[in-house]
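J.: below is the structure, and that's it, no one-letter string:
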């Protein structure tokens, strides 16, 4: 049996005006990896409360290994207040993190270190590293990686979360990443914050023997997959109306990670990631449930001409 991919970071509740939905970028990635059929474990921290128990129950019901979920005896389960504002491509989310919650001090305990040592990949963002405790836990977790464990990073920047701690977490996360996903706005923001005129070129420098891949996403306008050997432009997929853009980038990351671990060729990775992200954009919230037929259509359908061009 294959060891699970480990997703490290926040598991929380997105509080929409119409109700709550399970969220947290790394947790969203784990959700979609499980739907793709990949073994995946979630390393996070929740409160000893009803919100935490329900979050854990839903993750386990999706098929995610929750044995690495820690329970904090002092802090509550995380939550984010979400509002939707009109955007060019449909409703755009705006987030307000509620501070002082359990996920801000995830511990790299023995179970987490053992899982990461055996994992084919560990996926993380930057939010959970903003606090001293969170950064220390993440550093210890990354030090436990096995020789072939890929580090996959989606910075998942949040407006208003820009300070010295956030910049340090961002710099360290990108410096060790083997695979990086950035939205086009994030690319510009990261380049400015870290002082790299060409951030993609810096990320692709041959600093380690690991393979490197940088994905730049542009929503319905498509994406570009960059490697040391060149770039692949991938056509976007328009989403059906009625949904929102919450979690689309996380869905893209899940396919990116699954494809890299499974050894898919780049055109397939890009095409499936675009299809999957569009399906999420057609739904409300970051963690919709797809039936088996939808999963098969999104994951296994042949790649059409024009889905990817060198």
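T.: It's in. All values derive from a computational prediction rather than experimental measurement.
J.: ok, now which ones touch residue 11?
T.: 22, 24, 26-27, 42, 44-46, 55-56, 59, 69, 77-78, 103 (CB atoms under 8 Å, 6 or more residues apart in numbering). Just so you know, the C-beta spots here come from the backbone N, C-alpha and C atoms, and that holds for glycine as well.
J.: what's the pLDDT at it?
T.: Listed pLDDT for residue 11 reads 97.
J.: ok, the strand of greatest length in the chain: who's next to it in the sheet?
T.: In the chain, with assignment by DSSP state E, the single longest strand is strand 78-87. Here strand 78-87 is paired, per DSSP bridges, with strand 12-16 (parallel), strand 90-97 (antiparallel).
J.: looking at those strands, which is nearest to residue 261?
T.: Residue 261 lies closest to strand 12-16 among the strands paired with strand 78-87, at 25.7 Å (CB to CB).
J.: ok, back up a step: which stretch in the strands paired with strand 78-87 has the least confidence?
T.: Confidence, taken as mean pLDDT, is least for strand 90-97 of the strands paired with strand 78-87 (a mean of 76).
J.: which residues are contacting that strand?
T.: Outside strand 90-97, the residues that touch it by CB under 8 Å, 6+ apart are 14, 78, 80-86, 127, 158-161, 239, 241, 243-246, 281.
J.: one more time with 10 Å
T.: Outside of strand 90-97, the residues within contact range by CB atoms under 10 Å, 6 or more residues apart in numbering are 10, 12, 14-16, 23, 78-87, 103-104, 127, 130, 158-161, 219-220, 239, 241-248, 281-282, 284-286.
J.: filter the residues you listed to the buried ones?
T.: Taking 16 or more other CB atoms under 10 Å as the criterion, what is buried in the contacts of strand 90-97 is 10, 12, 14-16, 23, 78-80, 82, 84, 103-104, 127, 130, 158, 161, 219-220, 239, 243-248, 281-282, 284-286.
J.: rewinding a little: mind checking the pLDDT average for the longest strand of the chain?
T.: Strand 78-87 comes out with an average pLDDT of 84.
J.: before we move on, what about stretch 102-119?
T.: The average pLDDT within stretch 102-119 is 98.
J.: now do stretch 173-185
T.: Per-residue pLDDT over stretch 173-185 has a mean of 94.
J.: report the buried residues of it.
T.: Under 16+ other CB under 10 Å, the buried positions of stretch 173-185 are 173, 174, 176, 177, 178, 179, 180, 181, 182, 183.
J.: from those residues, which is closest to residue 272?
T.: Nearest to residue 272 among these: residue 181, at 14.1 Å, using CB to CB.
J.: tell me the strands beside whichever strand or helix holds that closest one, with direction?
T.: Assigned by DSSP states H and E, residue 181 belongs to strand 179-183. Strand 179-183 sits in its sheet next to strand 150-153 (parallel), strand 213-217 (parallel), going by DSSP bridges.
J.: which residues touch residue 177?
T.: By CB under 10 Å, 6+ apart, residue 177 lies in contact with 123-124, 142, 150-155, 203, 210, 212-214.
J.: for the protein, which spans come out with low pLDDT?
T.: For the chain, applying pLDDT under 70 flags the ranges 89-91, 159-164, 206-211, 304-310.
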